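Trainee: got a predicted structure plus its sequence, pasted below:
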Amino acid sequence: MATTDLARTNRTLRGAAAVVGVADDVSPTGELERTGRELEVAMVLAALDDAGLTLADVDGICHVDSSIGFAEYLGIAPTFTDSTMTGGSSFEVHLEHGAAAIAAGLCDVVVSVYAATPRSDRKRARRSGRRGLAGPNPMAEWEWPFGLRMPMGPYALAAGRHMHEFGTTPEQLAQIAVSTREWATMNERARYQTPITIDDVLSSPPQNSPLHLLDCCLVTDGAGAFVMTSAERARSLRRPPIYVLGAATCHDHLMITEMPDLTVTPGAVSGPRAFAQAGITPDDVDVLMGYDSFTITALLHLEDLGFCAKGEGGPFAADGRLGPGGSLPMNTNGGGLSYTHPGMYGMFLIVEAVRQLRGEAGARQVRDAQIAVAHGSGIVLSCTSTAVLGTEATL
Amino acid sequence: MTVSAEGAHRGEHLRLEPPVGAHSEAFWEATRRGALLVQWCTNCERAIFYPRSFCPSCAQASGLEWRTASGMGHVYAMTIEPNPAAAGSKFSQGEPYVVALVELVEGVRMMTNIVDCDPSDVAIGMEVTLRWEPLSDGRQLPLFRPVTS
């Protein structure tokens, strides 16, 4: 890569961010009393104190093991997250990514932390857990003994809670699978292309209540990739550029036990932030690619992204508006429910959004699609990331 | 599915038994004498779960203590596992079981099983009470049963 090309652009991190607090803990004995999470938290609080900030100011988190798990432990819901692990250079990469995130307005205060106690672990024959950082996995201690099926169980808990609070029905959830299948009938590469009915969904084998088999995504092979470059350079390339108009992320738990409200995902933060950045409202969205690991997943996104009010996702989906010819085309490739789902489906949200905006979607093409949203959801409704994509005309 | 003879004789094979976290030794030790402890922050007077080295509500690392919980709560969310084999679970001898998030009256939420009742009788909002299940090492796992049963 020609560094001179980069030097010519006005895209730069120069002066955009600063380190404002630091802390460390070492001892001439080579050993520390504290270890694991306790040591990590002590370092975070000390560095924040050094900066004159508090944990409440932190909206960006970097951790070489799991930024989501560490944020859950801290009890914060950051909008910038980075679990980059590049060995000893990880923290310089965190610094770089943090500066880029601050420059881009993704967050204001980023913390990166590290704690390892290999010497005293060995001496005390201490079980150091994952990479010596955090001790045993909290899920193994507080969830696995109770036999919750993964990943389905947490979504079933959320679906049941949504039904309890808002009167959402199994039929309304089933309509999401039906509408998504309608799209799949127009995609010759979809795993399932035969139309289904609400009755088909409700009579499919019962899974973790209240879910049925056809409320659940596929298990398929699948692969994808995307390439990005500057807007300037994009214009000189072969394909019509699809621009990133807005992007935002949030996570507020790792394990379902720690999810603050089972009916509200962190999409309620990432969605509005991405839309605001893009300068759009839900009405402006021509295609919604909303992660559909389960029908409840897609329903929660409809509410949290503001396509309908909290609790109204059931009736909203029930009139079929998400399918072909509807007012909100959703998961036009057939989704995780009917197209493909190799485990981490978010790649396919982006690929389909780009194809729709390029007008390459063939039989399932949404007419004059200018703005598409790719809304990913990871772990167990734990981390959402919303990308607003648009054509040249939307700039 | 059926439980193997060895598994039936040796209870330790029936459940994935929980490891002891860095800040939960007091919790698990107390289960040996049938006490359900909840970590508490005396700074902001809030219960903490799961146990930590500091309070995630007010970020204080000192002033944390253990208090004995009442063992009373209600079902916040629940699901019936109709196919224990699919979940990899042996502890129910192949019978459907309930996994729930129970909100203790102390204000924290924990995952558990609702037992001693027909799974189809369990509903969100139902009041439940603690019911211990022995683990292989003398610790006990906090399960819950309906108050009415």
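Mentor: Okay, I see it.

Trainee: tally of neighbours for A:V58?
Mentor: A:V58 is flanked by 22 other residues according to other Cβ atoms under 10 Å in any protein chain shown. Yep, even glycine has a C-beta here, placed from its N, CA and C like the rest.

Trainee: got the contact list for it?
Mentor: A:44, A:48, A:74, A:76, A:78, A:109-111 (Cβ atoms under 8 Å, 6 or more residues apart in numbering or on different chains).

Trainee: for B:Y76, see how far away it is.
Mentor: Using Cβ to Cβ, to the nearest Å, A:V58 is found at 28 Å from B:Y76.

Trainee: so what pLDDT did the nearest residue to A:H212 once chain neighbours are set aside get?
Mentor: Nearest residue to A:H212 in three dimensions, chain neighbours excluded: A:S204, at 4.6 Å (Cβ to Cβ, 6 or more residues apart in numbering or on different chains). With respect to pLDDT, A:S204 scores 98.

Trainee: likewise the one 4 residues further on?
Mentor: pLDDT recorded at A:N208 is 98.

Trainee: for the one 4 residues further on, same thing?
Mentor: Confidence per residue is given as pLDDT, and for A:H212 that number is 98.

Trainee: measure stretch B:52-60 end to end?
Mentor: For stretch B:52-60, the first-to-last residue distance is 11 Å (Cα to Cα, to the nearest Å).

Trainee: got the buried residues for it?
Mentor: Residues B:52-56, B:58-59 are the ones in stretch B:52-60 that count as buried (16 or more other Cβ atoms under 10 Å in any protein chain shown).

Trainee: list just the nearest of these to chain A.
Mentor: Relative to chain A, the closest of the buried residues of stretch B:52-60 is B:P56; by Cβ to the nearest Cβ it sits at 2.6 Å.

Trainee: what pairs with the longest strand belonging to chain B, parallel or antiparallel?
Mentor: When chain B is parsed with DSSP state E, its longest strand is strand B:72-81. Counting by DSSP bridges, the strands paired with strand B:72-81 are strand B:97-104 (antiparallel), strand B:127-134 (antiparallel).

Trainee: most tightly packed of those strands?
Mentor: Of all those, strand B:97-104 has the most neighbours on average by mean count of other Cβ atoms under 10 Å in any protein chain shown, namely a mean of 24.

Trainee: that one: how far from the chain's middle?
Mentor: 8 Å (Cα atoms, centre = their mean, to the nearest Å).

Trainee: ditto for stretch A:189-207
Mentor: On Cα atoms, centre = their mean, the centre of stretch A:189-207 falls 26 Å from the chain's centre.

Trainee: repeat for stretch B:29-36
Mentor: 12 Å.

Trainee: is that stretch anywhere near chain A?
Mentor: No: applying Cβ under 8 Å from any Cβ of the partner chain, one finds stretch B:29-36 separated from chain A by no less than 11.9 Å.

Trainee: what's the span of that stretch from first residue to last?
Mentor: Terminal residues of stretch B:29-36 lie 10 Å apart, using Cα to Cα.

Trainee: got it, and stretch A:220-231?
Mentor: Where stretch A:220-231 begins and where it ends lie 34 Å apart, using Cα to Cα.

Trainee: contacting residues around that stretch?
Mentor: Contacting residues not belonging to stretch A:220-231 are listed as A:9, A:11, A:191, A:237, A:241, A:243-244, A:340-342, A:345, A:347-348, A:350-351, A:354 [Cβ under 8 Å, 6+ apart].
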